[in-house]
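A.B. asks: have a look at this prediction, sequence included:
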Amino acid sequence: PSPIPPGPPFRELPVTDVALLIRDPYAIYAKRVLGLRPLPPLRPGPDAALRGQTLHAIVEALLNSHPAPDTPPERLRDDFLRLTDAVLARDVPWPAARAFWAARIARIADRIVADELARLAEGRPMVVENRGRVPVAGMDFTLTAKPDRIDLLNDGRVMVYDYKSGTPPSDAAIAKFDKQLLLEAAMARRGGFDALGPVDVAGIRYIQLGGEGATFPRKHDDALEGETWDGFVRLVASYLTGDAGFTAMRAPQLTTYAGDYDHLARFGEWSLTDPARPRKVGDHG
């Protein structure tokens with residue numbers, strides 16, 4: 001299935017949905033055009049989504065405590081673990097999950113603290129989970145974002161960060177699919193965040209809240225950022241004008257991919273090797 005709804009099907013999109021628009025456009029159709037959302041489980045549990053939310057809340061609490069670059073590492077580590085316990089007690093009512101996630105944070109605490117002090121020596125966090133927006137010229141469309149973190153560096157440029165509870169995407173994956181940080185960089189350059197105004201971008205980095213707690217720089221330069229923005233604008237225009245249908249599972253990362261809307265797309269009555277069937281739906285006048 002590849003429905004083409006009356007245009008424009010949406011007037012804004014968060015950067016976190018861009019990879020989904022590339023990989024499974026039908027999911028965006030169901031989510032953003034039809035306004036459908038999965039029901040919460042009858043019995044909530046400490047799943048991957050909650051783990052990611054909790055880990056993000058922990059590092060956000062650390063940044064909101066405003067540590068200084070000259071804070072002794074031992075003190076910052078103690079503060080980090082204290083905030084971890086407080087967030088877990090507040091948000092995770094499962095004792096086994098709390099113990100497991102606390103141990104995970106304790107194992108990487110030294111690395112996170114050492115890298116954080118290095119980051120604070122380079123600049124200071126200016127955007128922490130604050131929403132930004134950039135209208136796209138020539139279209140009735142706005143790209144929005146709520147970055148994990150953007151630091152204003154000592155030289156006046158910014159560094160865009162994203163926290164990952166899993167494995168950060170590679171440069172190859174970023175070039176084709178996972179364009180979130182490059183688009184956030186393009187938004188910062190266009191003045192999309194009130195706390196910054198238009199700024200030059202020094203780079204993009206992922207901070208892994210797992211594994212060894214390492215920081216992963218990824219490829220960034222003005223040319224790549226510009227190409228990513230231009231490609232995104234062309235992509236969105238194709239859906240806003242009805243030139244492209246919202247094809248189900250256009251480019252899933254894994255053949256075992258399971259989306260929230262597969263049943264609506266009647267997956268099982270067709271396979272990934274079948275050609276898409278674009279079709280106008282709704283009232284096109």
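C.D. replies: That came in fine, so what should we check first? Residues are numbered from 1 along each chain as shown.

A.B. asks: state the three-state secondary structure for the residue nearest to T241 when sequence neighbours are not counted.
C.D. replies: Spatial nearest neighbour of T241, excluding adjacent residues (C-beta to C-beta, 6 or more residues apart in numbering): G7 at 6.1 Å. Heads up, the C-betas are built off the backbone N, CA and C, glycines and all. Here G7 is recorded as coil under DSSP: H, G, I helix; E, B strand; the rest coil.

A.B. asks: give me the contacts around the strand or helix carrying Y163.
C.D. replies: Using DSSP states H and E, Y163 sits in strand 158-164. Outside strand 158-164, the residues that touch it by C-beta atoms under 8 Å, 6 or more residues apart in numbering are 55-56, 59, 119, 122-123, 126, 147-153, 168, 180-181, 184-185, 188, 196, 199-210.

A.B. asks: for it, which strands pair with it and how are they oriented?
C.D. replies: strand 149-153 (antiparallel), strand 201-208 (parallel) (DSSP bridges).

A.B. asks: out of these, flag the one nearest A251.
C.D. replies: With C-beta to C-beta, the closest approach to A251 among these belongs to strand 201-208: 21.7 Å.

A.B. asks: how about the strands paired with strand 158-164, which one is nearest L20?
C.D. replies: That would be, of the strands paired with strand 158-164 and by C-beta to C-beta, strand 201-208, which comes in at 18.7 Å.

A.B. asks: could you give the average pLDDT over the closest one?
C.D. replies: In this model, strand 201-208 has an average pLDDT of 97.

A.B. asks: contacts for it next, please.
C.D. replies: Contact with strand 201-208 is made by 59, 112, 115, 153, 155, 157-169, 181-182, 184-185, 188-189, 213-218, 220, 225, as judged by C-beta under 8 Å, 6+ apart.

A.B. asks: start to end distance for stretch 130-140?
C.D. replies: End-to-end distance for stretch 130-140, by C-alpha to C-alpha, to the nearest Å: 23 Å.

A.B. asks: for that stretch, which positions count as buried?
C.D. replies: For stretch 130-140, a neighbour-count test (16 or more other C-beta atoms under 10 Å) marks 132, 134, 136 as buried.

A.B. asks: let me see the contact set for F267.
C.D. replies: So F267 contacts 248-249 (C-beta under 8 Å, 6+ apart).
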